[in-house]
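Student: Need the 3D shape of this:
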Amino acid sequence: MRIAALMAVSVMASGCYSTVPAATAPIPGQVLVVDLNDKGRVALGPSIGSSATKVEGLLDSRTDSTYVVKVQSVVYMNGTSQRWTDEPLTIQTDLVRELRERKFSRSRSALFAAGSVGTIVAFIATRSLLGIGSPERENRPGEGTEQ
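Tutor: Here you go, the predicted structure:
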């Protein structure tokens, strides 16, 4: 039971996130998803790869014409993703198709946690892991099995 509780807490702590269009000018410290336009893919190709479509990372600073992002991952046209370790990347605003911010989603997290806990409880219940339920009868010496 303790293991199930620990698993549930870890799931809830990890949470689920969603990305929403940035409603206001982003502030340093926000996690951003920068969707690049065609010009952005070409201009940033030497730095992050020519088929990059999205850059996700922590906004380090910004001006009216640039965002400096500590890159955590880059998504490419073929759907693959590459992890980065917070390397700074300067992105000009005219290279951005859409700017979104990553936000914690309570509803998604609650739904995910409920499903995970339900799965764990069902697993434990179907395996009699808690020792609850009727024990199976063992044959004694000399007793045969019924056929």
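Student: ok, which stretches of this structure are helices?
Tutor: Taking DSSP state H as the criterion, the chain contains helices spanning 2-14, 38-48, 106-127.
Student: Can you list the buried residues in the second one?
Tutor: Translated: helix 38-48. Using 16 or more other Cβ atoms under 10 Å as the test for burial, helix 38-48 gives 40, 41, 44, 48. Where C-beta positions appear, they are placed from N, C-alpha and C, glycine not excepted.
Student: Show me the shaky parts of this structure.
Tutor: 1-15, 17, 104-118, 120-125, 127-147 (pLDDT under 70).
Student: same thing but 90
Tutor: Scanning the chain for pLDDT under 90 picks out the ranges 1-27, 50, 101-147.
Student: Just put the buried residues of helix 38-48 in a markdown table and tack on distance to residue 29.
Tutor: What follows is the buried residues of helix 38-48, written out as a markdown table (distance: Cβ to Cβ, whole Å):
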| residue | distance to residue 29 |
| --- | --- |
| 40 | 23 |
| 41 | 27 |
| 44 | 23 |
| 48 | 22 |
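Student: Look at the closest residue to residue 31 other than its chain neighbours and say how many residues are nearby.
Tutor: In this structure, residue 31 finds its nearest non-sequential neighbour in residue 102, 4.1 Å apart by Cβ to Cβ, 6 or more residues apart in numbering. If you count neighbours by other Cβ atoms under 10 Å, residue 102 ends up with 17.
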